[in-house]
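Chemist: model this:
(chains A, B, C and D)
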Protein chains: 2
Amino acid sequence: MKEEKRTALIEEVLGTTRNQQQEVQALQDTIYVLGGKWRLPIINSLCNGNKRFREIERSIPGITTRMLSRELKDMEANQLIKRTVIDSFPVVVEYTPTDYCHSFGDIILEMIKWGKDHRARLKLSKR
Amino acid sequence: MKEEKRTALIEEVLGTTRNQQQEVQALQDTIYVLGGKWRLPIINSLCNGNKRFREIERSIPGITTRMLSRELKDMEANQLIKRTVIDSFPVVVEYTPTDYCHSFGDIILEMIKWGKDHRARLKLSKR
DNA sequence: CATACTGGTATACTTGGTGATACTGGTTAC
DNA sequence: GTAACCAGTATCACCAAGTATACCAGTATG
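Modeler: Residues are numbered from 1 along each chain as shown, chains lettered A, B, ... in the order given. Here you go, the predicted model:
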């Protein structure tokens, strides 16, 4: 028996492999749910208190009306946000994050942190 | 002057808006660097100690040889990983993460956590 | 000898995410 | 009255990301 295969067997028996598989699964699930360029920025914007369509749109550089519309619809269908039509005059539409949506908070925080560090690194290396 | 515009102006003067803009920037930067389905799973696999091409391939469900090959090349060009050819007999190729690569650790951790919670939630709601 | 492994490359194909642009019907500010 | 705002929808088209499949030369296993 080859050394590699023995190692593999031992790992399987001890459960290391299974844990790893579980983690890759979890990671891929999350990536799937967060798929695309716009999900996280939209969630972030909502969590920052933006509620109105154009308000959200303005808060995300590069997004088009079309993409925002599509994503919001999709996210509403997936219980990530709530769409409320306020029967005032004129009618106002508000989007609010659900609790489920807030559960992405830590991921977003870490990604913002990474992005900021990244910028800092680039500035340093330019000097 | 409309109430909304006043609020916007006040926010801009006080800096809230600028901070938000900075954060969206950072977030979008990170999303860009991590772009695609495979980056994070590959980084995760490498950080878990997988070094060999087929080893990494096996550790990521669904990835094809082609995508792995492309991503590894790209990541090497971007200093995320190091490719080492070990001059043994037969020749062996090893991929190892750089420090830079390790800086994604926290993001990955949070995403794995989310994915696991997500599965747990689904199981609960099925009962 | 056959089979399966290693570290990939080559070719052909598809698809959906995204961009660009325009439009609607109503409201409000100047 | 006209210009700009609101909350979107419609249509067209592109292309990078991804899939599928086969292939290579070499090595180890039984």
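
Chemist: Quick check: next helix or strand after the worst-scoring helix or strand of chain A on mean pLDDT?
Modeler: For chain A, counting by mean pLDDT, DSSP states H and E, helix A:3-14 ranks last in confidence among helices and strands (a mean of 53). For helix A:3-14, the succeeding helix or strand toward the C-terminus, using DSSP states H and E, is helix A:16-33.

Chemist: From the contact counts, what lies against that following helix?
Modeler: Helices and strands touching helix A:16-33, by 3 or more C-beta pairs under 8 Å, 6 or more residues apart in numbering or on different chains; DSSP states H and E, are helix A:3-14, helix B:39-47, helix B:53-59, helix B:105-126. The way it works is simple: take the backbone N, C-alpha and C, and place the C-beta from them, glycine included.

Chemist: what number of residues lie near A:Ile107?
Modeler: 21 (other C-beta atoms under 10 Å in any protein chain shown).

Chemist: returning to that earlier point: same list (the helices and strands packed on helix A:16-33) but as a markdown table, adding distance to DNA strand C.
Modeler: As requested, the helices and strands packed on helix A:16-33 are arranged in a markdown table below (distance: least, C-beta to the nearest atom of the strand, whole Å):
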| stretch | distance to DNA strand C |
| --- | --- |
| helix A:3-14 | 7 |
| helix B:39-47 | 13 |
| helix B:53-59 | 3 |
| helix B:105-126 | 17 |
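
Chemist: So for the residue nearest the centre of chain A, what's the pLDDT?
Modeler: When C-alpha atoms, centre = their mean is applied to chain A, the residue found nearest the centroid is A:Leu40 (3.7 Å). Turning to A:Leu40, the model gives it a pLDDT of 96.

Chemist: Can you name the residues that contact the residue nearest to A:Lys116 when sequence neighbours are not counted?
Modeler: Using C-beta to C-beta, 6 or more residues apart in numbering or on different chains and skipping residues adjacent in sequence, the residue nearest A:Lys116 is B:Ala26, 4.7 Å away. The neighbours of B:Ala26, taking C-beta atoms under 8 Å, 6 or more residues apart in numbering or on different chains as the test, are A:Met111, A:Ile112, A:Lys113, A:Trp114, A:Gly115, A:Lys116, A:His118, A:Arg119.

Chemist: about what we covered before: the residue nearest to the centre of chain A and A:Ile31 touch, don't they?
Modeler: No. If you go by C-beta atoms under 8 Å, A:Leu40 and A:Ile31 don't touch, sitting 11.1 Å apart.

Chemist: how far is stretch A:54-62 from where the chain is centred?
Modeler: Remark: stretch A:54-62 is offset 17 Å from the chain centroid, using C-alpha atoms, centre = their mean, to the nearest Å.

Chemist: quick check, it touching chain B?
Modeler: Yes. Judged by C-beta under 8 Å from any C-beta of the partner chain, stretch A:54-62 comes into contact with chain B through A:Ser59, A:Ile60, A:Pro61, A:Gly62.

Chemist: Most widely separated two among the residues you listed?
Modeler: Greatest spatial distance among the residues of stretch A:54-62 next to chain B (C-beta to C-beta): A:Ser59 and A:Gly62, at 11.2 Å.

Chemist: So for those two, which residue has more residues nearby?
Modeler: A:Ser59 (20 against 10).

Chemist: OK, contacts around that one?
Modeler: Contacts of A:Ser59 by C-beta under 8 Å, 6+ apart are A:Ser45, A:Asn48, A:Asn50, B:Gln20, B:Val24.
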